[in-house]
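1. whatever this is, show me its structure:
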Amino acid sequence: MANTIHVDIVSAEESIFAGPAEFVALPGEAGELGILPGHTPLLTRIKPGAVRLKLPGQENEELVFVAGGLLEIQPSRVTVLADTAVRGKDLDEAKATEALKRAEEARRNATDKQEVATVEAELATIAAQLAAIRKLRGKK
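-> Numbering: from 1, shown residues only. Alright, predicted model coming up:
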C-alpha cells in the first residue's frame, strides 16, 4: 500500500471527505501548499479555491472547492475546516456564472467601502469556484 496521510475536509454543514490520500494540494494564505505524509505540523488560513487530493489507486485527482477556512497539518493527518465546501462533481458552472454576473452588478452599484469590500470578497470566491470547475472539466 502507498504511503498515505489521513484527510478530513469538513464544512459547517457536513463532512465532505474523510479518508487516505497520497498527496494534498490547496490554496494557503501565502500560496499553494503541497502536503505529503510526514509533513511538518502547520496551522494556517486557506483562501477560496480547489483542494486537490491524489487518492490511492486512482489516476485522477479528487477535487473539493472550499470558500476559505482553516488548515491543520500533522505528520499523519490533514484537517480542512472550510467555511463552505463542495465536492467537485457537485459544482454547477451555470449557477456559478450567474452568481458572478449578480456579484459584478452589485459591485457596480456598491456605494460605500464596506459594501465594496464585501462584494469584492464574494467576487473572489466565485471566480475561484469557476476556476475550480473549469479545471475539473478540463477547460481553460
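2. all strands of the protein, in order?
-> For the chain, the strands defined by DSSP state E cover 5-10, 15-21, 23-28, 31-35, 42-54, 62-74, 77-82, 85-87.
3. what is the shortest one packed up against?
-> Applying 3 or more C-beta pairs under 8 Å, 6 or more residues apart in numbering; DSSP states H and E, one finds that strand 85-87 makes contact with strand 15-21, strand 62-74. All C-beta atoms are positioned from the backbone trio N, CA, C, and that covers glycine.
4. tell me the helices and strands packed up against the last one.
-> In other words, strand 62-74. strand 15-21, strand 23-28, strand 42-54, strand 77-82, strand 85-87, helix 113-137.
5. including distance to residue 34, could the helices and strands packed on strand 85-87 go into JSON lines?
-> Output for these, formatted as JSON lines (distance: least, C-beta to C-beta, whole Å):
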{"stretch": "strand 15-21", "distance to residue 34": "12"}
{"stretch": "strand 62-74", "distance to residue 34": "11"}
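6. with mean neighbour count added, can I get the strands of the chain in CSV?
-> CSV is the format used below for the strands of the chain (neighbours: other C-beta atoms under 10 Å):
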stretch, mean neighbour count
strand 5-10, 19
strand 15-21, 16
strand 23-28, 20
strand 31-35, 14
strand 42-54, 19
strand 62-74, 20
strand 77-82, 19
strand 85-87, 19
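7. which of these comes out lowest on mean pLDDT?
-> Ranked by mean pLDDT, the strands of the chain end with strand 85-87 at the bottom, a mean of 84.
8. any idea how far it is from the middle of the chain?
-> Computed by C-alpha atoms, centre = their mean, to the nearest Å, the separation of strand 85-87 from the middle of its chain amounts to 8 Å.
9. neighbouring strands of it in the sheet, and parallel or not?
-> Paired with strand 85-87 in the same sheet, following DSSP bridges, are strand 62-74 (antiparallel).
10. now the angle between strand 15-21 and the partner strand, please.
-> 70 degrees (axes from the mean of the first three to the mean of the last three C-alpha atoms, to 10 degrees).
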